[in-house]
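1. structure for the following, please:
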Amino acid sequence: MASEQELSTSFIPALYKPAALLPIARHKKSLLYLVEKFPVTIVVGQTGSGKTTQLPQYLDQAGWCEHGKTIAVTQPRRVAATTVATRVAEEMRCKVGEDVGYSIRFEDLTSPATRIKFLTDGMLLREALVDPLLSRYSVIMVDEAHERSLSTDVLLGTLKKIRKKRPELRIIISSATLQAEDFLRFFAGEEYKPEADPADLGGSVGRIISLEGRMYPVDTLFLDSPAEDYIERAVKTVFDIHTQEAEGDILLFLTGREEIDTAIQLISERAATLHPKAPSLLTLPLYAGLTTEQQMYVFEPTPENTRKVIVSTNIAEASVTIDGIVYVIDSGFAKLRAYNPNTGIDTLTAVPISKASATQRAGRAGRTKPGKCFRLYTQQAFEQMPEATVPEIQRSNLAPVIMQLKALGIDNIVRFDFLTPPPAELIIRALELLSSLGAIDDYAKLTKPLGTRMAEIALDPMMAKVLLTAPSFNCLSEILTIAAMVSLQGTVWVQHSGDKRTAESHRRKFAVEEGDHLTYLNVYQAFVTKGKKDSKWCRDNLLNYRALLRAVSIRGQLKRYLERFGIQVDETLSSRHGPAELSHQPEQIRRCLTMGYFAHAAKMQPDGTFKTVSGGLTLHAHPTSLMFNRKADWVIFHEIMQTGEKTYIRDVTKIEKSWLLESSGSTAAKGSAKRTRTLNVLAIGTFALTIGNHRPWLFRSATTAAITTTIRTSLRSEGAGWCCATVFVRGWGEDTFPLADSAFPLKRALGNVYGP
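-> As a prediction, the model looks like this:
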């Protein structure tokens, strides 16, 4: 990572104000006093107040890193962890990886000497797998907690649990919005005093401290009428600002990579028509799929006689501070992940933002001088926005979270202390998926070794199952490569080509008839053979050189996971083949992929669309997929996204229906023969039922009718033709079933459970 260290010395000094001028400087003594006196401190301050960069340094100077201890600062996004670490290292006049370091998925730049460590929430949770009490840290600061990411919420619950066993641990919750009382109430528990003086709300547990906000005013402008095409309107606004407003950089918020690529291309085309003497426009993308070094470009100083236009997702909403921004253009939309428990599909969909997000976006202007925020929606639309974004914990696939909690020894998920409890149906579906993948047993405990290894490896459960199953299909080396390539999140190909036909012809060079996953394998093999030492080869083939270098690094780290499990990777087979050939049996690779992605199976319809096995959701192959306009009876896919009225799937591969029948837990595998199954309770303290080994239900509270209806409906949807159901409730035997505070006979509780 030397290149990132070299970058830091060239541009970081221009990024920050002297520490004494930041709003936090006036509160240094108060902050240190609160951290010393109370276990929990809630810090409220607008982005740019200095809380992220300065507070860890104050703590270091106050001696919180003595005796080999470390200060951890978590971030919801990796771009924030890397950029803030770089900035703080520059302020402390050290290289990243020495006194200051960072740790993100597949990338660690720390050393035994590191005193301040920036890392993503998820990485700190992974550390807890090895060190459950996080004993190396004296202070843990959860930054940008208001974003309520999935990992943030789980981390907060974990820290609350750790605090009971480590009273000396100091926890700092940093937020840019006024949710401070919610966080304090969560940690204080019974000590929270809602009627008390605001200074004493947290009892002996904690306190809230507020920092002054923005330093310059921001004018907010709305549209008179809704924009028909907000991308087109955004581009027009960029040029209105460029030709009519004073100097200052522009930050444009769009929803995702495709919109960003489209906007950058339109801006570049129109910029070419500007007067030769007009200041030039430098457009830069910012989204999660970029490599660390590519993300860092947005922080470089703007060249003379140039206006910088940063086109970003909501990644720039709060996680990072980019100085020089005077104008913000807010599309009013963001892409959010939403998991549908009925279909089992995790969809990325563009939705209107919340008022809190709109306020955050406006706050990005006015950091260095008075600014303006151009909202591409009406005042009425703003008033109709929700107050805040629904936390991820209430709309996400919880399988990775549940697997990680179980690895931490927390088996009763329902009793885990969440800041906001997730809906029961999300827990149900997650348990179902983990059970069908073989990650948990009938008692909902992690299986050994499969489940424990899946929890440890840094992949989603489906891909983790594929990777750990690969040795039995004799294709481990190939699956290792595919897992690394899929982790790039679609950044393999360079997008700014302008000519779609040229891009398509380059992709066809590596195309494999069976689909995208095997095409990725071809691309990787070609890269390590020809392109690794020649970035020109990548440019000529419209491949992302830095992304592919990252794939090599990710593959190496995944290989080390396997070696730690005692699984050796035989690279001899793949090394014998040329870059345009598949290195091993395509069928075995596709069979192996099906073992993990059977829940993402779809059948092609006569009109060329696909329908999911469960839920009947209509899908379209994404135009960037090799399966676009190609025939396939059955496919599995890795990613699904909704754009406009269509739902697209990416990373698509052909499979055979018979392979689904081999995959445990697949809905397609259910037969119609009549049979008897056992209902098992998975969690004491709730009502959780499982038919066989694959379908759990949880009831926080339920009536007899609700339980009976749920079971009957599900049995019929399975089409299983059940003749009867034998009931066994673990812990209570076969005769009684606890319901609320009473015990009911099983027949009364479950009714007559017979097939149709």
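2. for the stretch 451-600 of the chain, just list every one of the helices.
-> 461-469, 476-486, 500-510, 516-526, 535-540, 545-564, 572-575, 586-597 (DSSP state H, counting those that start in this stretch).
3. out of those helices, nearest to residue 293?
-> Checking the helices of the stretch 451-600 of the chain against residue 293 by Cβ to Cβ gives helix 545-564 as the closest, at 6.1 Å. Bear in mind the C-beta positions are built from the backbone N, C-alpha and C, glycine included.
4. want to throw the helices of the stretch 451-600 of the chain into a markdown table with distance to residue 654?
-> Formatted as a markdown table, the helices of the stretch 451-600 of the chain follow (distance: least, Cβ to Cβ, whole Å):
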| stretch | distance to residue 654 |
| --- | --- |
| helix 461-469 | 16 |
| helix 476-486 | 15 |
| helix 500-510 | 17 |
| helix 516-526 | 9 |
| helix 535-540 | 28 |
| helix 545-564 | 23 |
| helix 572-575 | 21 |
| helix 586-597 | 7 |
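5. what about those helices, which gets the closest to residue 657?
-> Among those, helix 586-597 comes nearest to residue 657, with 10.1 Å by Cβ to Cβ.
6. gap between that closest one and the chain center?
-> Centroid separation between helix 586-597 and its chain, computed with Cα atoms, centre = their mean, to the nearest Å, is 25 Å.
7. what is that helix packed up against?
-> If you count contacts as 3 or more Cβ pairs under 8 Å, 6 or more residues apart in numbering; DSSP states H and E, helix 586-597 packs onto helix 461-469, helix 476-486, helix 516-526, strand 634-643, strand 646-655, helix 657-662.
8. looking at these, which is nearest to residue 106?
-> helix 476-486 (8.6 Å).
9. the bottom helix or strand of the chain by mean pLDDT?
-> Of the helices and strands making up the chain, the lowest-confidence element is strand 742-745, at a mean of 30, by mean pLDDT, DSSP states H and E.
10. the domain parsing of this protein - what is it?
-> 2-210, 218-393, 397-456, 457-661, 670-750 (automatic domain parsing).
11. now the ones you listed as CSV including mean neighbour count?
-> Converted to CSV, those look like this (neighbours: other Cβ atoms under 10 Å):
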stretch, mean neighbour count
domain 2-210, 19
domain 218-393, 18
domain 397-456, 20
domain 457-661, 19
domain 670-750, 16
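12. those: lowest mean pLDDT?
-> Between the domains of the chain, the one with the least mean pLDDT is domain 670-750; it has a mean of 35.
13. for the helices of the stretch 451-600 of the chain, which one sits closest to residue 237?
-> Closest among those, using Cβ to Cβ: helix 500-510, at 26.1 Å.
14. residue 108 is nearest to which of the helices of the stretch 451-600 of the chain?
-> helix 545-564 (9.0 Å).
15. which residues are in contact with that closest one?
-> 106-107, 291, 293-294, 456-459, 467, 476, 480-481, 483-485, 487-488, 491-492, 523-524, 527-528, 531-532, 535, 538-539, 568-569 (Cβ atoms under 8 Å, 6 or more residues apart in numbering).
16. residue 509 touches residue 541, doesn't it?
-> Yes: between residue 509 and residue 541 there is a contact under Cβ atoms under 8 Å: 6.8 Å.
17. now do the shared contacts for those two.
-> With Cβ under 8 Å, 6+ apart as the test, residue 509 and residue 541 reach no residue in common.
18. show the end-to-end separation of stretch 622-629, please.
-> Start-to-end span of stretch 622-629 (Cα to Cα, to the nearest Å) is 9 Å.
19. in a markdown table, list the helices and strands packed on helix 586-597 along with distance to residue 435.
-> Putting these into a markdown table (distance: least, Cβ to Cβ, whole Å) gives the following:
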| stretch | distance to residue 435 |
| --- | --- |
| helix 461-469 | 11 |
| helix 476-486 | 22 |
| helix 516-526 | 25 |
| strand 634-643 | 19 |
| strand 646-655 | 22 |
| helix 657-662 | 17 |
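20. and of these, who's closest to residue 101?
-> Of all those, helix 476-486 sits nearest to residue 101, with 23.4 Å by Cβ to Cβ.
21. can I get that closest one in CSV, CA atoms only?
-> Presented in CSV, the C-alpha positions along helix 476-486 are these (Å, rounded to 0.1, in the frame of the first residue of the first chain):
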residue,chain,number,x,y,z
LEU,A,476,-11.3,-24.8,-5.5
SER,A,477,-8.8,-22.7,-7.3
GLU,A,478,-11.4,-21.5,-9.8
ILE,A,479,-14.0,-20.7,-7.2
LEU,A,480,-11.4,-18.8,-5.2
THR,A,481,-10.8,-16.6,-8.3
ILE,A,482,-14.6,-16.1,-8.9
ALA,A,483,-15.2,-15.2,-5.3
ALA,A,484,-12.5,-12.5,-5.5
MET,A,485,-13.8,-11.1,-8.8
VAL,A,486,-17.4,-11.0,-7.5
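22. shift numbering so it begins at 609
-> Yep, numbering from 609; the last one is helix 1084-1094 now.
23. with adjacent residues omitted, what lies nearest to residue 1218?
-> Distance criterion Cβ to Cβ, 6 or more residues apart in numbering; nearest residue to residue 1218, sequence neighbours excluded, is residue 1210 at 3.8 Å.
24. kindly provide the distance from the one you found to residue 1225.
-> According to Cβ to Cβ, to the nearest Å, residue 1210 and residue 1225 sit 8 Å apart.
25. go on, residue 1166?
-> For residue 1166, the distance to residue 1225 - Cβ to Cβ - is 31 Å.
26. touching, residue 863 and residue 944? I think so.
-> No: using Cβ under 8 Å, residue 863 is not in contact with residue 944; the gap is 9.3 Å.
27. show me the contacts for residue 672.
-> Counting by Cβ under 8 Å, 6+ apart, residue 672 has contacts 643, 679, 746-747, 778.
28. tell me the SS of residue 827?
-> Recorded secondary structure, residue 827: strand (DSSP: H, G, I helix; E, B strand; the rest coil).
29. just give the nearest non-adjacent residue to it, would you?
-> Nearest non-adjacent residue to residue 827, counting by Cβ to Cβ, 6+ apart: residue 980, 4.8 Å away.
30. what about that neighbour, which SS state?
-> Once three-state DSSP is applied, residue 980 turns out strand.
31. so who does it touch?
-> The contact partners of residue 980, taken as Cβ under 8 Å, 6+ apart, are 826-829, 853, 934-936, 973.
32. quick check, nearest of the residues you listed to residue 635?
-> Closest to residue 635 out of these is residue 826 (23.0 Å), distances taken as Cβ to Cβ.
33. mind putting the contacts of residue 980 into a markdown table with distance to residue 1216?
-> Listed next are those as a markdown table, based on distance: Cβ to Cβ, whole Å:
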| residue | distance to residue 1216 |
| --- | --- |
| 826 | 48 |
| 827 | 49 |
| 828 | 45 |
| 829 | 44 |
| 853 | 47 |
| 934 | 48 |
| 935 | 43 |
| 936 | 41 |
| 973 | 45 |
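34. how about those, which pair is most distant?
-> Taking Cβ to Cβ, no two of those sit farther apart than 828 and 853, at 14.8 Å.
35. how close does the closest residue in space to residue 705 that isn't next to it in sequence get to residue 763?
-> Leaving aside its sequence neighbours, residue 705 sits nearest to residue 717 (Cβ to Cβ, 6+ apart; 4.4 Å). Counting by Cβ to Cβ, the gap from residue 717 to residue 763 is 21 Å.
36. do residue 1216 as well
-> Applying Cβ to Cβ, the value for residue 1216 to residue 763 is 44 Å.
37. and residue 1237, by the same measure?
-> Distance from residue 1237 to residue 763, by Cβ to Cβ: 44 Å.
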